[in-house]
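Enquirer: need a 3D model of the sequence below.
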Amino acid sequence: MFKNASGFTIVEVLISIAVIGVLVALAVPTYRQYSVRESRAEVQSVMVQIAQKLAAYKMANNDYNTTLTNGAVYGSTNYPVTGTATYTLSLTSNTNSWTLTATAVGKQAGNGNLAINDQGWKCWNNPDNNTTNACVANAPTATTTWNKP
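Expert: Next up is the predicted model:
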């Protein structure tokens, strides 16, 4: 009666679902890690662009005006400007120096803060508790970088 019937048995369907489940379980964490690294790389690029604007400001005005506000340099304290913020940018400056800090928020929270200063020094308080490139007193040093040690 059912000799010519075609289709999948329930066991074949369950095995297929299990294989798909394993693939999804492996792919989701990998995608999240990629997304976090991508957001960090994007904000690093933005911070370098802001550093260039600050250098141009110094050339034109012969100082880093102590009243220089974040909006005068990059328009918004949140990055990205549209959508859900992943970093909050803050600039501290005086006549002769400045430090730009990106504090991780939202989906980036827990991924560590980034900083760059007028000397071009960079640092990243990475979440691995590795202090090789960690910011010292919230500021970069001549030996720290944004690289993961």
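
Enquirer: quick one: low-confidence parts of the chain?
Expert: 1-5, 66-75, 149 (pLDDT under 70).

Enquirer: mind giving me the packing neighbours of the longest helix that the chain contains?
Expert: Determined from DSSP state H, the single longest helix within the chain is helix 10-61. With contacts taken as 3 or more C-beta pairs under 8 Å, 6 or more residues apart in numbering; DSSP states H and E, helix 10-61 sits against helix 70-74, strand 78-79, strand 87-93, strand 98-104, strand 114-117. Glycine gets a C-beta too; all of them are placed from N, C-alpha and C.

Enquirer: and the angle for it with strand 87-93?
Expert: 20 degrees (axes from the mean of the first three to the mean of the last three C-alpha atoms, to 10 degrees).

Enquirer: burial measure for residue 64, as a count.
Expert: 19 (other C-beta atoms under 10 Å).

Enquirer: tell me the contacts of the spatially most central residue of the chain?
Expert: Closest residue to the average C-alpha location of the chain: residue 40 at 1.9 Å, with C-alpha atoms, centre = their mean. Counting by C-beta atoms under 8 Å, 6 or more residues apart in numbering, residue 40 touches 108, 111, 114, 124.

Enquirer: return the subset of those residues lying in strands.
Expert: Of the contacts of residue 40, the ones assigned to strands by DSSP state E are 114, 124.

Enquirer: are any of the contacts of residue 40 buried, and if so which?
Expert: Buried by 16 or more other C-beta atoms under 10 Å: 108, 111, 114, 124, out of the contacts of residue 40.

Enquirer: quick one, what contacts the nearest residue to the first one once chain neighbours are set aside?
Expert: Right, residue 108. Nearest residue to residue 108, sequence neighbours excluded (C-beta to C-beta, 6 or more residues apart in numbering): residue 86, at 4.2 Å. By C-beta under 8 Å, 6+ apart, the contact list for residue 86 reads 39, 43, 79-80, 104-108.

Enquirer: repeat the analysis, applying 7 Å as the threshold.
Expert: 39, 79-80, 105-108 (C-beta atoms under 7 Å, 6 or more residues apart in numbering).
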